[in-house]
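[1] model the following, please.
(chains A and B)
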There are 2 protein chains.
Amino acid sequence: MLAVRFDGSRLQVADQPLPEPPPGEVRIRVHWAGICSTDLEITKGYFGFEGTLGHEFVGTVDAPATSSWHDKRVVSSINFVDSKDQLFHRFGFEHHPGRSVLGILNRDGAMAEYVNLPEENLFKVPEDVSDRQAVFTEPLAAALQIGQQVDLDRIDQACVVGPGRLGILIAACLQRSNIATTVVGRSERSLHLPRKWGLATRQIDAVSQKFPLVVDATGSPAGLQSAISLTEPRGTLVLKSTFAAQNQVDLTPIVVDEIRLLGSRCGPFDKALKVLDSRDLTVEDLIDGEYKLAEAVEAFQHASQSGVRKILLRMQ
Amino acid sequence: MLAVRFDGSRLQVADQPLPEPPPGEVRIRVHWAGICSTDLEITKGYFGFEGTLGHEFVGTVDAPATSSWHDKRVVSSINFVDSKDQLFHRFGFEHHPGRSVLGILNRDGAMAEYVNLPEENLFKVPEDVSDRQAVFTEPLAAALQIGQQVDLDRIDQACVVGPGRLGILIAACLQRSNIATTVVGRSERSLHLPRKWGLATRQIDAVSQKFPLVVDATGSPAGLQSAISLTEPRGTLVLKSTFAAQNQVDLTPIVVDEIRLLGSRCGPFDKALKVLDSRDLTVEDLIDGEYKLAEAVEAFQHASQSGVRKILLRMQ
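    I've put the predicted structure just below:
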């Protein structure tokens, strides 16, 4: 089968053996995979990952035929823990120190014709959710994670810095929680889609207000610095994107204004699938390009361009 | 009267007019003032402050004789707000955007023979608390602020990075809240006093464990980086010291481990005075030197040396 591989320096589509699922796992025929910022960082060599990329996907369980998941259309959470030890009970899948992470840490990802995954990580995709929508389950779950960490009922206004592929999902989720949400971006063009989605928008230099909840989804030190300056005293700043390198950021306002900075990563797949099933979000609007698996290198180049949101790979 | 002045480039003891208290304020004859890290940063020109330094002090109300505070021994909280407007009700003294801060922002400080302060900021010092103890009220309040921000009842273990003048107070307060607290420092010598106070200690390179609560009281980017690495997934990291400059810090673990980073500044004076009155902490142990007001420049040089904890100035 074909797979999108990174060997530490070069990205390529390579032939791989068809994986046989070990006990407790199933083999999934992948329909679509999405390219996210973490994938782009990996291809710059920042996470030290080598292997098959991809952690956003939708597919159909192909084997074994005896599995209760057989022939089901599924998505999968991306953190895996073998031994359910004390650390598992304390930190769960997401933070177990021995975890593997799909296409990110010690486990081949889903940018391949087939991928093996543990049954315990699978979620059935509701019938009315299309493949192109279901591939957004992982990033949408990541967006919804903020609601798991912050009591959104106590927030009336929020600001999302960075109107990219993740930022716009976060803003839409906050708005859906009855929070008046402003999306802030550098270019006017980047704000068209947020506006179409009914979100308030502002260019970064035109914001004078501060907010009780700010989300940094820029992935850049300059973006984080802006986000800090937009957070009101004793407000919450959610740091959503991992940074490639060390950052020259002035953290003094975090102390002086007693800001709460929250790191935020993976989120609840069940809730994400419910949001997709509700039809509240037209996530397909985020798709800026679709490529065949064989064209993956070109697809990654497209995804790395400024202002581009979601690029999908068709696996079959 | 004499006062310790900073003119933006040079620290000096200079003659100043005796201040007449405006309505609502009293004049305080200062007994002692303490030198803290923020004072040292100010003298490097980082906060843009010019005027009389000093925000840790104890003194006696001297005028007007008609004040109910007259002849009382007092300390004072350090944030001042004139107009009790909507922003005051929302942000309080500590975070009102129009506030002044004693010896730090738009208000002459207490390293002087006399200082004027609003009556509403004053706290009476209990009889059994000595002057040398009372001068620790402000830093002790800052240490106790962590208990205002974090639910300490849910924490069993904590780590304080930086066994300096503030770090050791923080560690003692956490320990006092029944949290097994480890103080981490670079040098063995810096850990003597924490050990004398009954705290567990470790040199920074010898810590293998992670903690649910970590406090960075180092004031250095390297210290913050260590503190991040000592915080367990979904743990809380309190950032207690302001930094002089921009920092080269890798914030990726904050996102990956979903760490909650809390900026923390001024704290409750009433609680600090109660702790001092309880005799639980022998804060005088922190005093590494006492100087006359006229020797303030020398005192600041002493305070800026590595490993030196509290340096006091005798004002009368």
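
[2] counting neighbours, what do you get for the residue in the stretch 201-316 of chain A positioned nearest to chain B?
    Closest approach of the stretch 201-316 of chain A to chain B (Cβ to the nearest Cβ) occurs at A:Pro233, with a separation of 3.4 Å. C-betas here are computed from N, CA, C, even on glycine. By other Cβ atoms under 10 Å in any protein chain shown, the residues close to A:Pro233 number 21.

[3] just to check, it is in contact with B:Leu87?
    No - with contact defined as Cβ atoms under 8 Å, A:Pro233 does not reach B:Leu87; the gap is 9.8 Å.

[4] re the thing from before, give me the phi and psi for the residue of the stretch 201-316 of chain A closest to chain B.
    phi -50, psi 140 (degrees, to the nearest 10).

[5] quick one: residues in contact with stretch A:93-102.
    Applying Cβ atoms under 8 Å, 6 or more residues apart in numbering or on different chains, the contact partners of stretch A:93-102 are A:54-55, A:76-83, A:87-88, A:91, A:105-107, A:109-110, A:115, A:117, A:121, A:265-266, B:233-234, B:257-258.

[6] could you export it as CSV, CA atoms only?
    The C-alpha trace of stretch A:93-102 is given here as CSV (Å, rounded to 0.1, in the frame of the first residue of the first chain):
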residue,chain,number,x,y,z
PHE,A,93,-4.6,8.5,27.3
GLU,A,94,-3.7,12.1,26.6
HIS,A,95,-0.9,12.5,29.2
HIS,A,96,0.4,9.0,29.9
PRO,A,97,4.2,9.3,29.7
GLY,A,98,4.4,6.1,27.8
ARG,A,99,1.7,7.0,25.2
SER,A,100,2.1,6.9,21.5
VAL,A,101,0.4,9.4,19.3
LEU,A,102,-1.0,8.7,15.8
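
[7] what about chain A, any weak spots by pLDDT?
    Residue ranges of chain A with pLDDT under 70: A:243-247.

[8] for it, which residues are neighbours of chain B?
    Residues of chain A found near chain B, taking Cβ under 8 Å from any Cβ of the partner chain as the criterion, are A:91, A:94-95, A:149, A:224, A:232-234, A:239-243, A:245-265.

[9] at 6 Å instead, please
    Residues of chain A lying near chain B by Cβ under 6 Å from any Cβ of the partner chain: A:91, A:95, A:233, A:239, A:242-243, A:246-248, A:250-252, A:254-255, A:258-263, A:265.

[10] list the contacts of A:Glu258.
    A:Arg234, B:Gly263, B:Arg265 (Cβ atoms under 6 Å, 6 or more residues apart in numbering or on different chains).

[11] who wins for neighbours among these?
    In terms of neighbours by other Cβ under 10 Å, the contacts of A:Glu258 top out with B:Gly263 at 24 neighbours.

[12] ok, that one - contacts?
    B:Gly263 neighbours (Cβ under 6 Å, 6+ apart): A:Ile254, A:Val255, A:Glu258, A:Ile259, B:Leu239.

[13] again with A:Phe211
    A:Phe211 touches A:Gln157, A:Ala158, A:Cys159, A:Leu230, counting by Cβ under 6 Å, 6+ apart.

[14] which one of those residues is nearest chain B?
    A:Gln157 (12.8 Å).

[15] that closest one - how many residues pack around it?
    Counted by other Cβ under 10 Å, the residues lying close to A:Gln157 total 17.

[16] so it makes contact with A:Ala180?
    Yes - the criterion here is Cβ atoms under 6 Å, and A:Gln157 meets it with A:Ala180 at 5.0 Å.

[17] what helix or strand is the residue positioned nearest the centre of chain A located in?
    Against the mean C-alpha coordinate of chain A, by Cα atoms, centre = their mean, the closest residue is A:Pro139 at 3.0 Å. Per DSSP states H and E: A:Pro139 is located in helix A:137-149.

[18] circling back: who's in contact with the residue nearest to the centre of chain A?
    The neighbours of A:Pro139, taking Cβ under 6 Å, 6+ apart as the test, are A:Leu166, A:Leu169.

[19] how near is it to B:Gln301?
    According to Cβ to Cβ, to the nearest Å, A:Pro139 stands 55 Å off from B:Gln301.

[20] phi and psi next, for A:Ala206.
    Residue torsions, per degrees, to the nearest 10, at A:Ala206 are phi -100, psi 10.

[21] could you show me where the strands are in the stretch 1-150 of chain A, in order?
    A:2-6, A:11-15, A:25-35, A:51-52, A:56-63, A:73-76, A:79-80, A:100-101, A:114-118, A:122-124 (DSSP state E, counting those that start in this stretch).

[22] turn these into JSON lines, including mean neighbour count.
    Shown next, in JSON lines, are the strands of the stretch 1-150 of chain A (neighbours: other Cβ atoms under 10 Å in any protein chain shown):
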{"stretch": "strand A:2-6", "mean neighbour count": "24"}
{"stretch": "strand A:11-15", "mean neighbour count": "14"}
{"stretch": "strand A:25-35", "mean neighbour count": "23"}
{"stretch": "strand A:51-52", "mean neighbour count": "20"}
{"stretch": "strand A:56-63", "mean neighbour count": "24"}
{"stretch": "strand A:73-76", "mean neighbour count": "23"}
{"stretch": "strand A:79-80", "mean neighbour count": "20"}
{"stretch": "strand A:100-101", "mean neighbour count": "18"}
{"stretch": "strand A:114-118", "mean neighbour count": "22"}
{"stretch": "strand A:122-124", "mean neighbour count": "17"}
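
[23] could you say which one of those comes nearest to A:Gln316?
    A:Gln316 lies closest, by Cβ to Cβ, to one member of the strands of the stretch 1-150 of chain A: strand A:25-35, at 6.3 Å.

[24] any idea of the angle the closest one forms with helix A:137-149?
    90 degrees (axes from the mean of the first three to the mean of the last three Cα atoms, to 10 degrees).

[25] contacts for strand A:25-35, please.
    By Cβ under 6 Å, 6+ apart, the surrounding residues in contact with strand A:25-35 are A:21, A:54, A:56-63, A:67, A:69, A:110-111, A:114-116, A:118-119, A:131, A:135, A:303, A:310-315.

[26] now do the same end-to-end measure for stretch A:185-204.
    Stretch A:185-204 has an end-to-end distance of 5 Å (Cα to Cα, to the nearest Å).

[27] ok, stretch A:75-87 next?
    End-to-end distance of stretch A:75-87 (Cα to Cα): 26 Å.

[28] ok, the helix or strand A:Val160 falls within: who's next to it in the sheet?
    Per DSSP H and E: A:Val160 is located in strand A:157-161. Paired strands of strand A:157-161, with direction, are strand A:180-185 (parallel), strand A:211-216 (parallel) (DSSP bridges).

[29] ranking those by burial, who's on top?
    Highest mean neighbour count of the strands paired with strand A:157-161: strand A:211-216, a mean of 27 (counted as mean count of other Cβ atoms under 10 Å in any protein chain shown).

[30] C-terminal to that one, what's the next element?
    Downstream of strand A:211-216 (by DSSP H and E), the next one is helix A:221-230.

[31] run through who's touching that following helix.
    For helix A:221-230, contacts defined as Cβ under 6 Å, 6+ apart pick out A:159, A:161-162, A:204, A:210-211, A:214, A:216, A:237, A:247-249, A:253.

[32] these: which two are farthest apart?
    Using Cβ to Cβ, these span at most 23.9 Å, a distance reached by A:Phe211 and A:Gln248.

[33] check contacts around A:Gly54.
    Going by Cβ under 6 Å, 6+ apart, A:Gly54 touches A:Ala33, A:Gly103, A:Gly109, A:Ala110, A:Met111.

[34] hmm, try it at 7 Å
    A:Val4, A:Ala33, A:Asp39, A:Gly103, A:Gly109, A:Ala110, A:Met111 (Cβ atoms under 7 Å, 6 or more residues apart in numbering or on different chains).
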